[in-house]
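Colleague: Sequence first, then the predicted structure, then my questions.
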Amino acid sequence: VAGLGNYGLRGTRHSVGMAVLDRLARQLAVAEGWRADRRCCADVTLAAAHGLELVLLKPRRLMNLNGLSVASAAEIYNLHPEDIYLVHDDLDKALGKVAIKLGGSARGHNGVRSCISALHSNEMTRLRVGIGRP
């Protein structure tokens, strides 16, 4: 599960994917386990939920390069694009509304576009979190 965003701009609506991952890590009681993984240039923690092993990932790159971190982690943890969930902001959804999208285009989102390019696939599931328009 990758929370997309701009690492240096945490706390902004554009980096809501990272905030969702922070919340998920707290709920799964692994928030203290975040560590910087230089192999994929991301903060990573491992969790278990409902019999699944999860890799939670917050790239330490700008949004338009998040895919490099996601692809590196996929290689390290032997994951396929269809195993990956991207959590990212969506300007076209009202603030706080969420939607799940299975594959498809990036719809203009630079972080998703970066992931599609780096993974050579658009098969990732996306959790789109509405941030509304300014």
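Modeller: Yep, that arrived. Residues are numbered from 1 along each chain as shown.
Colleague: residue at max distance from the center of the protein?
Modeller: Here the chain reaches farthest from its C-alpha mean at Pro134, the gap being 22.4 Å by Cα atoms, centre = their mean.
Colleague: now the helices for the chain?
Modeller: Remark: helices assigned in the chain by DSSP state H are 16-27, 66-76, 110-119.
Colleague: and of these, who's closest to Ala42?
Modeller: helix 66-76 (4.3 Å; Cβ to Cβ). Glycine gets a C-beta too; all of them are placed from N, C-alpha and C.
Colleague: Grab the CA positions of that closest one and hand them over as PDB.
Modeller: Taking C-alpha atoms only, helix 66-76 is exported to PDB below (Å, rounded to 0.1, in the frame of the first residue of the first chain):
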ATOM      1  CA  ASN A  66       6.900   8.400  -6.500                       C
ATOM      2  CA  GLY A  67       6.700   5.600  -9.100                       C
ATOM      3  CA  LEU A  68      10.500   5.000  -8.700                       C
ATOM      4  CA  SER A  69      10.100   4.200  -5.000                       C
ATOM      5  CA  VAL A  70       7.000   2.100  -5.600                       C
ATOM      6  CA  ALA A  71       8.700   0.100  -8.400                       C
ATOM      7  CA  SER A  72      11.800  -0.500  -6.300                       C
ATOM      8  CA  ALA A  73       9.700  -1.700  -3.400                       C
ATOM      9  CA  ALA A  74       7.800  -4.000  -5.700                       C
ATOM     10  CA  GLU A  75      11.100  -5.600  -6.800                       C
ATOM     11  CA  ILE A  76      12.400  -5.800  -3.200                       C
END
